[in-house]
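Visitor: need a structure here:
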Amino acid sequence: MSLPLSYHWRNLFVRRSTTLLTLLVIAAVVAVFCWMLNFAAALRGSLAMASDGRKLIVLKRGATAESNSALVVDEVNRLSQLDGVEHDSTGHAILSPEMVVQVLVPRIRDGGRTSANVAVRGVTEDALKVHRNVRLLGPMFSTAEPQVIVGTGAARQFAGLEVGQTIKLGYGGSTDYRIVAHFSADGGPMESEIWGYLPAMMNAYNRTMYSSVNLRLSASADPKAALAQIEGPAIGLSGRTEPDYWEAQARFVRIYLAIAYVLVAIMCVAAVFSVANTLFSSVAGRTQEIAMLRTIGFSRGQILIGFVVEAILLSLLGGGLGCVACAAWLGVAGGLKDVSGASTFSSMAFVIRMVPGTVVAALLSVAAVGAIGAIVPAFRASRIGMVSALREA
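Guide: Numbering: from 1, shown residues only. Down below sits the predicted model:
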C-alpha cells in the first residue's frame with residue numbers, strides 16, 4: 001500500500017507562499033538550463049554541417065585560422081603535387097584558393113545598435129566543386145561587375161544583406177557591391193559568409209596573397225596520409241580536415257558553455273536548498289498527520305518515499321514552468337544568435353530552437369534535484385515517533 005498521488009498533490013498547495021517561491025526558483029534554474037542546452041544543441045547542429053572529412057583546409061604553417069594565414073602563389077601551386085586530390089575532366093587538380101577578410105555589419109535583432117564581424121570570402125568557380133554543401137539560391141556573382149552572394153544565415157542575422165541591396169566592401173569600404181543572390185550550406189558555418197569573385201576581392205582589399213586553399217580528396221585517398229604530405233618538406237604547409245578545423249574554432253564557445261554550466265550548477269544547489277526548506281516546513285506542520293499515517297499502517301519507507309514524490313512533483317511543476325518560460329523568451333526575443341570563432345574573428349550565425357530532447361533532459365535533471373533536496377526532510381518525516389506526536393495533538 002502506498003500513499004495516493006492526489007494526497008501529495010494537495011499537500012503542495014497547503015503552504016502556498018513557500019511552494020510558490022520554490023516553484024519560481026526551480027523555474028528560473030530550468031529556464032536558464034534549458035536555454036543553455038538549446039544553445040549548445042543549435043551550435044553543435046551548425047558545426048555538424050561542416051563535417052566533410054574528405055575536404056581539407058590548407059593554411060600557412062603556424063596559422064590557426066584562415067584570417068591569420070597568408071599563402072603565396074608558389075605555395076598554392078605545390079598542392080597540385082598532392083596525392084589523392086580530386087581532378088576535373090581535363091586532369092587538373094581541383095583547388096580552391098580563397099581569401100578571407102571581415103566586414104563589420106549591424107545585427108538585425110537589436111536594430112543595429114551592435115555589430116559583428118562577417119567573413120567576406122573571395123572565391124573562384126572551383127569553390128562550388130570543393131564546397132559541395134553550398135547551393136546557390138539564385139545567380140552566381142558576375143566576374144566582371146562588383147557583385148556578391150550572401151549566405152542565408154548572414155542575411156537572417158545581419159542587416160542590409162537582402163538580395164538587391166548593396167554593401168560597401170574593399171579597403172576603407174570604397175566600393176559598393178550589389179547582392180545578387182543568397183546561398184545555403186545546410187545550416188553550416190559558411191551560411192554566415194559573403195562570397196565574391198576572388199581577383200576582385202583581392203584587388204579591393206589590396207591583397208596579393210591567399211588566406212587558404214580548400215581542396216577535396218578522392219574517395220580512395222587517405223586523409224591522414226594527405227595531411228602528412230601537406231606538412232612534409234615538399235609542400236611545407238599546414239592542413240586540417242573540415243571537422244577538425246571548425247572543432248578548433250569552437251574552442252572559445254566551449255569555454256563559454258563550461259562557465260555557464262558552472263553557474264547553472266550553482267543555481268541547482270540553490271534549488272536543492274529551496275526544495276529542502278519547503279519540505280522541512282511541510283514536515284514541521286504535519287507531525288500529527290504523519291503519526292496518524294504511521295498508526296493506520298503506513299511504514300517509514302512509504303512515508304519517506306511519499307515526501308520524495310512530493311518533491312519530485314514540485315520540481316517537475318517548476319521545471320515545466322521553466323521550459324514554458326524558455327520557449328516564451330525564444331518566441332518573443334527570437335532565437336537568432338551569433339558567436340565568434342576562437343581565432344577566425346568572424347561571427348557564425350545560427351538559430352536556437354526548443355528541442356524536445358533538451359526539454360526531457362531539463363525535466364529529468366530537475367527531478368533529480370528535487371529528489372536530492374527531499375532526502376533529509378523525508379528521512380526526518382519517516383523517523384517521527386507515533387506516540388509522542390499523537391500526545392502533542
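Visitor: contacts, neighbours, all on C-alpha from now
Guide: OK.
Visitor: where does the chain have low pLDDT?
Guide: For the chain, residues meeting the criterion pLDDT under 70 lie at 1-16, 252-253, 279-299, 341-345, 378, 380-393.
Visitor: ok, now with 50
Guide: For the chain, residues meeting the criterion pLDDT under 50 lie at 1, 387, 389-393.
Visitor: quick one: name whatever helix or strand follows the longest strand along it.
Guide: Secondary structure of the chain per DSSP state E: the longest strand is strand 95-106. As assigned by DSSP states H and E, the chain's next helix or strand after strand 95-106 is strand 115-123.
Visitor: quick one on the thing from earlier: which other helices and strands contact the longest strand of the chain?
Guide: When contacts are defined as 3 or more Cα pairs under 8 Å, 6 or more residues apart in numbering; DSSP states H and E, strand 95-106 sits against strand 115-123, helix 127-130, helix 198-204, strand 212-216.
Visitor: and the longest one, what does it pack onto?
Guide: In this case it means strand 115-123. strand 95-106, strand 193-197, helix 198-204, strand 347-351.
Visitor: follow-up on the earlier one: go ahead and name everything in contact with the longest strand of the chain.
Guide: 66-67, 76, 79-80, 112-124, 126-127, 130, 158-159, 169, 198, 201-202, 209-216, 345-346 (Cα atoms under 8 Å, 6 or more residues apart in numbering).
Visitor: filter these to the buried ones?
Guide: 66-67, 76, 79-80, 115-124, 127, 130, 158-159, 169, 198, 201-202, 209-216, 345-346 (16 or more other Cα atoms under 10 Å).
Visitor: roughly how far is stretch 302-309 from the heart of the chain?
Guide: Relative to its chain's centre, stretch 302-309 lies at 39 Å (Cα atoms, centre = their mean, to the nearest Å).
Visitor: still on that earlier bit, flag every buried residue along the longest strand of the chain.
Guide: Buried residues in strand 95-106, counted by 16+ other Cα under 10 Å: 95-103, 105-106.
Visitor: check contacts around the residue nearest the centre of the chain.
Guide: For the chain, Leu43 is the residue whose C-alpha lies nearest the centre (Cα atoms, centre = their mean; 2.5 Å). Residues in contact with Leu43, defined by Cα under 8 Å, 6+ apart, are Phe350.
Visitor: give the buried residues for the helix or strand encompassing it.
Guide: For Leu43, the host element (DSSP H and E) is helix 16-48. By neighbour count with 16+ other Cα under 10 Å, helix 16-48 contains the buried residues 18-20, 22-43, 45-48.
Visitor: what of stretch 133-143?
Guide: 133-134, 136, 140-141.
Visitor: what do you get for stretch 357-369?
Guide: So stretch 357-369, judged by 16+ other Cα under 10 Å, has buried residues 358-359, 362-369.
Visitor: give the other helices and strands that the helix or strand just after the helix holding Leu43 contacts.
Guide: Next helix or strand after helix 16-48 toward the C-terminus (DSSP H and E): strand 55-59. Using 3+ Cα pairs under 8 Å, 6+ apart as the contact test, the elements touching strand 55-59 are strand 212-216, strand 238-241, helix 242-249.
Visitor: now the longest one: buried residues?
Guide: Going by neighbour count (16+ other Cα under 10 Å), the buried part of helix 242-249 is 242-247, 249.
Visitor: and the buried residues of strand 95-106 as CSV, adding distance to Glu231?
Guide: Converted to CSV, these look like this (distance: Cα to Cα, whole Å):
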residue, distance to Glu231
Leu95, 17
Ser96, 18
Pro97, 18
Glu98, 19
Met99, 21
Val100, 22
Val101, 25
Gln102, 27
Val103, 31
Val105, 36
Pro106, 39
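Visitor: what count of nearby residues applies to the residue lying closest to Thr22 once chain neighbours are set aside?
Guide: Among residues not flanking Thr22 along the chain, Ser274 sits closest, at 5.7 Å (Cα to Cα, 6 or more residues apart in numbering). Residues near Ser274, counting by other Cα atoms under 10 Å, number 22.
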